[in-house]
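K.L.:
predicted model and sequence below, questions to follow.
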Amino acid sequence: MTHKEKALDYFGRKFHCSQAVLAAFAPECGLTEEQALKLGACFGSGMRKGEVCGACTGALMVLGALYGQYDKSDPESRIRANEVNEKMMERFAKVNGSYICNDLLKCDISTSEGRQYALDNNLFTEFCPLMVANAVDVLEQIIKETEEAR
């Protein structure tokens, strides 16, 4: 199963978009499925406030796990993490028009009216899977480029 198929499977089983993307890459990140699902649990729906799309946030968590700084004597890893972060945010916005959940959904899901609008218009079931798939596509391209540059 591809990363995209895995992510869409998790999302289809009612996990948040952030959980779906992170869990699809759990083995590469050195995480168990349970750890990935727990780590991603509070980032769906733009942290429940319509901020940065959870699918994009899940991808950023993957990039952090793969390229993030963990040793203060390794400033190169901080630079690399900043670079992959910028690429993810910029490319996700280029593909989707924004990386802000409320902008993508065209409603404010931090309100009960906005959540109801999203539910009534099947945004979580019909639109959000596209965001998950696009996040995985962008993420895989960034990983490929980063690995080729090493």
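P.N.:
All right, it came through fine. All values derive from a computational prediction rather than experimental measurement.
K.L.:
what segments of this protein are helices?
P.N.:
3-12, 17-24, 33-39, 44-45, 54-67, 75-96, 101-105, 112-120, 128-149 (DSSP state H).
K.L.:
of the ones you listed, which stretch is the most buried?
P.N.:
Ranked by mean neighbour count, the helices of the chain are led by helix 17-24 with a mean of 31 (mean count of other C-beta atoms under 10 Å). All C-beta atoms are positioned from the backbone trio N, CA, C, and that covers glycine.
K.L.:
wait, Cys53 sits on Ile109?
P.N.:
No - checked against C-beta atoms under 8 Å, the pair Cys53 and Ile109 is beyond contact range at 10.9 Å.
K.L.:
re earlier: any chance of a markdown table for the helices of the chain, columns mean pLDDT?
P.N.:
A markdown table is the format used below for the helices of the chain (pLDDT from 0 to 100):
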| stretch | mean pLDDT |
| --- | --- |
| helix 3-12 | 98 |
| helix 17-24 | 98 |
| helix 33-39 | 98 |
| helix 44-45 | 96 |
| helix 54-67 | 98 |
| helix 75-96 | 96 |
| helix 101-105 | 98 |
| helix 112-120 | 97 |
| helix 128-149 | 97 |
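K.L.:
give me the nearest residue to Gln35, chain neighbours excluded.
P.N.:
Setting aside the residues directly before and after it, Gln35 is nearest to Ala26 in space (C-beta to C-beta, 6 or more residues apart in numbering), at 7.1 Å.
K.L.:
Tyr117 too?
P.N.:
In space, Tyr117 is closest to Cys107, 4.4 Å off (C-beta to C-beta, 6+ apart).
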